[in-house]
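In: generate a structure from the sequence data that follows.
(chains A and B)
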Amino acid sequence: MKRALLLLAAVVLAGCSSTTGSAAPKVTPAPAQTPASVSTAAAVQSAVAAAASANIETAKVTDTTDPITVWIDQARQPVVDGFKKKYPQYASLVTSTVVDRETFPAKDLLFNNTGSGWPDVVFAEPRLVGRVADAQHSFPLDLSTVVPADMLKQYAGADNCVFDGKVYCLRNDLAQMVTYYNAPLFTQFGYTVPKTFEDMQALSDQVAKDHPGYYLGTLGDGWTWLSFMEASGCPYAASKSSTTLMVNVADPTCTRAAQLIDHMVANKTLWNTDYFTASWVQIANNNKLLMLIAPIWAALGTFKGTYYCPCTGATTKTTPTITDKFLGVAAPLKWAADATAQTAAMGGSAWTISKHTKNQGLAVLFAEYATQDPDLWNGSSNFASWIPLQPVFNAVVANDPIFASDPSAVFDQAGTEISPVGDAWPRFDLIAPLTTVVKDMYSKKQTMVATLPEVTSALTPLAKAQGYTVVNK
Amino acid sequence: MATSATPAALPLTRRSRLSRLGIGWRRHRISYLLALPYIIFMAIFGIGPALYALLMSFSKWSMGTPQYFAAGLDNYKLAYGDARFFQVFGNLLEFLIVSVPLGIGLVVLLALLLDMRPGRFSSALRLLYFIPGAVTGPALVLLVICILDPGISPFGPIFNFLGATNFDALVFPGSLPFVFTIMGFFSGAGMWIAIQHGGLQGMSREVLEAAELDGCNAWQKALYIKLPFMRPYIVYQTILIFALNVQLFVEPQLLTSTWVQANVPPQWAPNQLAYSYAFDVGNFGAAAALSLLMLGIGLAGAYVLIRWTGFFKLGGQS
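Out: Predicted coordinates:
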């Protein structure tokens, strides 16, 4: 019922506005796969061949003919189709259902009550897997018993699938944030791309003075908020153990990020919405977007086709076109005082398998296929977690005419810098309460520094309801 | 003497009570029969679930299966001690204070106005009032979202002129009781106007004529003749609107969804807190404890109103 309502919401909103209608990527941060362009075909082919040379699937499908149900989102339909094509002998055993995966923990509880109905394989972010891993939900199968250890090692970011020493999912893709910039504008204005947040603040003053109306980023929801906070290492929701959560927004790392936000809100170089609102897309379409901290999939999923046209939004003669080599990609910014950069992640999903499945072999084979098959991943806009596949993505982006220069080295590096809070979430949704905090700051016309205590009051009851002990130090 | 008299009297009393019951049963048999379908459904969908909730509220949930009576009062302590508990009930109180009097006042006013000048125009208007009722809750929420977003609203220029340039400027925690009142009014008012107006149609024309002969003008007639006549209907509406509004859920839930991301706390109404306990946390016990409180509030509200107004007595007399 709730899903039906949400779908209805999406349909009606899409009909009446692009402001909210384009919000769909918020819950499906891994966008649909796009075909590789012709010019990159050769490079991609060789990368695909290289990835395919390693024989990947190892799962043993036993003689059982029990069917499996796979929960996916719309964008994952090609995975199911591809699996059925590659393994026609199992095609009749695989049923897929498109679900709103935010409801996965709730539905799992209902299945627990009735003792049946669980899906066998679910596409969901590690943060959602964490929510079904506790004693009440008790959903996932420990994959360390069924997937060889040397295979598990080849998944980048696999740590976020490990809960209390058990491997509860196979990573699908990583969604590390990087620094995107508008290369022609930077050249035209004579700016250098910042390497630190201090540089960014200095640049914001310069932009405010010389080129008012241009933007270096946006802050309007939970995701954009944590793009600043996690890069600073702010322990706003740091899991100390499965029962202790640290919510410490008084930490200097939080204050410095909040001060930067306040500075850039005040000098009007930071816009006040999330990535997908009509007003922000308009700024990008008008070529007033100088710089943006955003996840890796935004390059081919959002800049291409939403910010840079041909696109669905209104175009002007200044709108960057997707073949103009507009998009520069720089490493995640670091704070001067920090030794290394940290970066947030928005999305970056995984496949988890039910401990109730009657056909374990087939379920595991499906998850391995979904995360490892080179033909499936050829042309994907997502950055694969399966390390042998990463050259495929790199070959795609290296030759894509949207990029000012080859971004693959930056993407690879950023993949290793995802912050510990990153996608190791506590067992409750952080985005909705953080969005409320950000919106409250704007509606009360306060500073972020003054609003930070609200993070504690918003997150603490949620954590306590989940059985966490909340500590502030 | 006394001891011997008592046994003699007892069978008599019993017999007479029994026979009274028997007569009552025979006389009212058909009424009980007519009420039976309702009673069955109320047992299955009302009383049964309430008793089950009572059982669950003392149960502990781990490994997915309930252990009855294992929790003691822990679920109550957890739910009623939650930092959000007073917030959500505070929110609800604000909403009720705004929505109940405003909703009922406007409905009564419109019904009286419709009745002042009966004719084709007023029947057309009555139909017009009824139309928004065809839009159900969730769709209505989306409609209101579209109307309150200055970027897409037909009233956008007015909002912009008043300084509200985005959705968040119109929908924020302080404005929510009014936003939900608007939503509730447009979904329910049409039906209530039809009911109240229908009630007025059944009024004795002689009384009205008598009032006119005594020199009543239209307003006096509405205030002194029609309004007292409508009283039981108004009480009835109050009970139902109160019970409905206490159960507020869909509107705030949709506004906080990832699709809309309005500036609304994730748990704004008590029902959302119960829902969150059940389906975010997996603690059905705490959710049941909150649900029972909601049930108690609804029942107490209805009881107070019925006792205070003598609603059923009035209904019996007329």
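In: A:Ser385 against A:Asp159, yeah?
Out: No: counting by CB atoms under 8 Å, A:Asp159 is not a contact partner of A:Ser385; they are 11.0 Å apart. C-beta: built from backbone N, CA, C; applies to glycine.
In: what sits against residue 76?
Out: With no chain named, the answer covers chain A. A:123, A:370 (CB atoms under 8 Å, 6 or more residues apart in numbering or on different chains).
In: looking at chain B here, not the other one
Out: B:Tyr76 touches B:57, B:289, counting by CB under 8 Å, 6+ apart.
In: host element of it?
Out: B:Tyr76 belongs to helix B:74-80 when elements are defined using DSSP states H and E.
In: in that helix, what counts as buried?
Out: B:74-76, B:78-79 (16 or more other CB atoms under 10 Å in any protein chain shown).
In: state the mean pLDDT of that helix.
Out: Across helix B:74-80, pLDDT averages out at 91.
In: hmm, back to that, biggest separation within the buried residues of helix B:74-80, which pair?
Out: Greatest spacing in the buried residues of helix B:74-80, by CB to CB: B:Asp74 and B:Ala79 (9.6 Å).
In: how does chain A divide into domains?
Out: A:32-175+A:346-402, A:177-342+A:428-471 (automatic domain parsing).
In: quick one: low-confidence ranges for the chain?
Out: The chain I'm using is chain A. Scanning chain A with the threshold set as pLDDT under 70 gives A:1-60, A:62-63, A:312-315, A:421-424.
In: the intended chain is chain B.
Out: B:1-21, B:62-65, B:258-259, B:311-318.
In: could you pull out the strands for it?
Out: Per DSSP state E, chain B carries strands over the ranges B:60-62, B:65-67.
In: around chain B, pick out the residues from the stretch 351-473 of chain A.
Out: For the stretch 351-473 of chain A, the residues in contact with chain B (CB under 8 Å from any CB of the partner chain) are A:428-429, A:431-433, A:435-436, A:439-440, A:442-443, A:457-458, A:460-462, A:464-467.
In: find the nearest non-adjacent residue to B:Gln67, please.
Out: Leaving aside its chain neighbours, B:Gln67 sits nearest to B:Lys60 (4.7 Å; criterion: CB to CB, 6 or more residues apart in numbering or on different chains).
In: that should have said A:Ser457, apologies.
Out: Counting by CB to CB, 6+ apart, the residue nearest A:Ser457 is B:Ala83, at 7.5 Å.
In: tell me how many other residues surround the one you found.
Out: By other CB atoms under 10 Å in any protein chain shown, 13 other residues sit near B:Ala83.
In: who's in contact with it?
Out: Per CB under 8 Å, 6+ apart, neighbours of B:Ala83: A:457, A:460-461, A:464.
In: quick one: which of the residues you listed is most hemmed in?
Out: That'd be A:Pro461 among the contacts of B:Ala83, by other CB under 10 Å, with 21 neighbours.
In: in this structure A:Leu376 contacts A:Tyr369, no?
Out: Yes: with contact defined as CB under 8 Å, A:Leu376 reaches A:Tyr369; the gap is 7.2 Å.
In: what touches both of those two?
Out: Joint contacts of A:Leu376 and A:Tyr369 (CB under 8 Å, 6+ apart) are A:79, A:82.
In: any chance you could map the helices in the stretch 101-250 of chain B?
Out: Using DSSP state H, counting those that start in this stretch, the helices of the stretch 101-250 of chain B run over B:120-130, B:137-148, B:156-161, B:167-170, B:176-201, B:205-213, B:218-220, B:227-246, B:250-256.
In: surely A:Lys449 meets A:Arg256?
Out: Not Lys; residue A:449 is Val. No: using CB under 8 Å, A:Val449 makes no contact with A:Arg256, being 9.8 Å away.
In: picking up where we left off before, of the residues of the stretch 351-473 of chain A next to chain B, buried ones?
Out: The neighbour count (16+ other CB under 10 Å) marks A:428-429, A:431-433, A:435-436, A:439-440, A:442-443, A:458, A:460-462, A:464-467 as buried among these.
In: phi first, then psi, for the residue most central in space within chain A.
Out: Of all residues in chain A, the one closest to the mean position by CA atoms, centre = their mean is A:Gly347, 2.1 Å from it. A:Gly347 adopts backbone torsions of phi 90, psi -140, taken as degrees, to the nearest 10.
In: ok, now A:Thr196?
Out: Main-chain dihedrals, A:Thr196, degrees, to the nearest 10: phi -120, psi 170.
In: ok, it to A:Thr253 distance?
Out: 14 Å (CB to CB, to the nearest Å).
In: do the same with B:Gly282
Out: Taking CB to CB, one finds B:Gly282 at 33 Å from A:Thr253.
In: contacting residues for A:His169?
Out: Check again: residue A:169 is Cys, not His. A:124, A:126, A:129, A:140, A:143, A:161, A:350-353.
In: just the ones in helices from these, please.
Out: A:126, A:129 (DSSP state H).
In: next one: the residue nearest to the centre of chain A relative to chain B, how far apart?
Out: Using CB to the nearest CB, to the nearest Å, A:Gly347 is found at 12 Å from chain B.
In: hang on, isn't that residue packed against A:Ala298?
Out: No: A:Gly347 is beyond contact range of A:Ala298, at 10.0 Å (criterion: CB under 8 Å).
In: point me to the residue of the stretch 301-450 of chain A nearest chain B.
Out: A:Lys439 (3.7 Å; CB to the nearest CB).
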